[in-house]
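Peer 1: show me the folded form of this:
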Amino acid sequence: MKRVSKIILFVMALGLLVCVKLPVKAQCAQCAATVETNTKSGGNAAKGLNRGILFLLGAPYIAVAAGGYIWYKNYRRKNVNLNDMRQEKLNLN
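Peer 2: Numbering: from 1, shown residues only. From the prediction side, this is the model:
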């Protein structure tokens, strides 16, 4: 019963987070003014800023994926023949 109530609570919290949408400004006032002025005058500073944000967003995922791949390649068992394992029962006392 506790598991069901935890799942229901999680789904309700997730639903509230998805339903509540508030516009936010993620830039400081000076950065926003500079990008807006640059964009109005025909510059491409906004594109560079967006690329930088995407780079900062993706870098941790790439690092974790590379670490996971290296761990998988180094620590997985290779060429294990299951037929050569002992058939006797183990005493775990």
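Peer 1: helices of the chain, start to end?
Peer 2: All helices of the chain, identified by DSSP state H, fall at 2-19, 29-40, 45-75.
Peer 1: how far off centre is the last one?
Peer 2: With C-alpha atoms, centre = their mean, to the nearest Å as the basis, the distance from the averaged C-alpha position of helix 45-75 to the chain average is 9 Å.
Peer 1: show me what it is packed up against.
Peer 2: helix 29-40 (3 or more C-beta pairs under 8 Å, 6 or more residues apart in numbering; DSSP states H and E). All C-beta atoms are positioned from the backbone trio N, CA, C, and that covers glycine.
Peer 1: buried stuff in the helix it packs on?
Peer 2: Neighbour counts using 16 or more other C-beta atoms under 10 Å place 34-35 of helix 29-40 among the buried residues.
Peer 1: give me the angle between that helix and helix 45-75.
Peer 2: On the basis of axes from the mean of the first three to the mean of the last three C-alpha atoms, to 10 degrees, helix 29-40 is oriented at 110 degrees to helix 45-75.
Peer 1: show the average pLDDT along helix 29-40.
Peer 2: Helix 29-40 carries an average pLDDT of 82.
Peer 1: report the central residue of the protein.
Peer 2: The centroid of the chain falls nearest to Tyr61 when counting by C-alpha atoms, centre = their mean (5.7 Å).
Peer 1: and it, what's its pLDDT?
Peer 2: The model reports Tyr61 with a pLDDT of 95.
Peer 1: tell me the spacing between it and Asn74.
Peer 2: If you measure Tyr61 against Asn74 using C-beta to C-beta, to the nearest Å, the figure is 21 Å.
Peer 1: cool, and Leu17?
Peer 2: 38 Å.
Peer 1: swap in Lys47?
Peer 2: 40 Å.
Peer 1: what of Lys21?
Peer 2: Lys21 sits 44 Å away from Asn74, going by C-beta to C-beta.
Peer 1: and what of Val35?
Peer 2: Distance of Val35 to Asn74, given as C-beta to C-beta: 44 Å.
Peer 1: for the protein, name the helix or strand with the lowest mean pLDDT.
Peer 2: The helix or strand of the chain with the poorest confidence is helix 29-40; it has a mean of 82 (mean pLDDT, DSSP states H and E).
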